[in-house]
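> 3D model of this:
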Amino acid sequence: ASANLGTRASETLAMTASSSVAAIGKGNFVDLDNEVVHVSFQINDDPSENSKTTKNGKRRRVVIPQVQNIATGFDLLAWFHERVNQALHEQSQGINPLALIFPNKHGAIFMPGKVHQQVIRPSTDELGWRMPSYIDARGRSRSLRRFTLHSMRDRFGVTAAEEWKYTDTELLQQGSWSDLSTVRKFYIGFTDVTQDSVRRKHQTHILGELKHDV
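This next block holds a predicted model:
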């Protein structure tokens with residue numbers, strides 16, 4: 001979901017199948033009628049509260065991509081339809097009170113650290129997705145895992161820019177990075193500095209042509 005939507009881990013884990021839960025500020029509503037996810041909240045660092053506003057304080061409607069655009073062939077929209085029905089049923093049974101799309105085993109908010117420990121780490125170990133080991137300064141062998149949950153957001157940024165041909169503003173709206181400069185630097189391939197240098201060259205060329213004509 002994070003790889004195809006560009007949502008932060010703390011936003012993805014707050015997704016809910018219930019519009020009423022989202023309306024009271026306890027989740028991000030998966031709106032299947034409009035094929036979007038309403039992202040307004042993220043998991044709160046304060047355990048006494050379920051959620052808080054997103055990192056940049058933005059409310060956005062993130063479009064769920066069509067399977068034809070997803071190289072892995074994973075049909076996220078179809079999966080959401082199935083999972084939403086399950087979550088609403090779990091809510092009616094009292095085992096998932098917030099109708100969360102990704103609840104923990106107790107039907108509560110799944111914290112990112114626990115996801116890494118209980119889901120990401122076992123899965124990547126089984127798949128062999130570890131970086132080659134290296135020897136640290138004390139002579140001990142160390143190995144890193146290739147992916148984290150948050151890295152799926154970066155995967156989205158690259159895919160959306162290079163394969164789906166998102167503009168910088170479209171990518172900014174979907175992913176809610178801090179500003180256009182960040183999007184351009186990491187995903188579109190140019191920066192505001194580059195734009196300024198190009199603009200100066202054009203202005204210099206225009207002025208040179210005008211002088212020549214005179």
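> contacts only, for the spatially closest residue to Leu149 that is not a sequence neighbour.
Excluding the flanking residues, the one nearest Leu149 by Cβ to Cβ, 6 or more residues apart in numbering is Ala9, at 4.4 Å. Just so you know, the C-beta spots here come from the backbone N, C-alpha and C atoms, and that holds for glycine as well. Contacts here follow Cβ atoms under 8 Å, 6 or more residues apart in numbering; on that basis Ala9 touches 2, 112, 115, 149-150, 152-153.
> and if we set it to 10 Å?
Contacts here follow Cβ atoms under 10 Å, 6 or more residues apart in numbering; on that basis Ala9 touches 2, 42-43, 102, 110-113, 115-116, 120, 148-153.
> cool, His81 as well?
By Cβ under 10 Å, 6+ apart, the neighbours of His81 are 30, 32, 75.
> closest one of the residues you listed to Trp177?
Of all the contacts of His81, Trp177 sits closest to Val30, with 22.0 Å by Cβ to Cβ.
> what secondary structure does that closest one sit in?
strand (DSSP: H, G, I helix; E, B strand; the rest coil).
> quick revisit: only the buried members of the contacts of Ala9: can you turn that into a PyMOL selection?
A single PyMOL command selects the buried members of the contacts of Ala9 (16 or more other Cβ atoms under 10 Å):
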select buried, resi 2+42+43+102+110+111+112+115+116+120+148+149+152+153
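> hmm, back to that, which among the contacts of His81 end up buried?
Val30.
> as TSV, the contacts of His81 with pLDDT would be great.
Output for the contacts of His81, formatted as TSV (pLDDT from 0 to 100):
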residue	pLDDT
Val30	97
Leu32	95
Asp75	92
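> so can I have JSON lines of the contacts of His81 showing distance to Gly128?
Shown next, in JSON lines, are the contacts of His81 (distance: Cβ to Cβ, whole Å):
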{"residue": "Val30", "distance to Gly128": "32"}
{"residue": "Leu32", "distance to Gly128": "35"}
{"residue": "Asp75", "distance to Gly128": "26"}
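> looking at the contacts of His81, spot the one nearest Pro132.
Among these, and counting by Cβ to Cβ, the member closest to Pro132 is Asp75, at 33.7 Å.
> quick one, helices of the protein?
Counting by DSSP state H, residue ranges of the helices within the chain are 2-5, 9-12, 19-23, 76-92, 112-115, 121-127, 151-162, 168-175, 180-183, 192-213.
> could you tell me the least trusted of those helices?
Sorting the helices of the chain by mean pLDDT places helix 192-213 lowest, at a mean of 66.
> surely Arg155 is in contact with Gly6?
Yes - in this structure Arg155 lies within contact range of Gly6 using Cβ atoms under 10 Å: 9.1 Å.
> who has more neighbours out of these two?
Between Arg155 and Gly6, Gly6 has the larger neighbour count (other Cβ atoms under 10 Å), namely 29 against 14.
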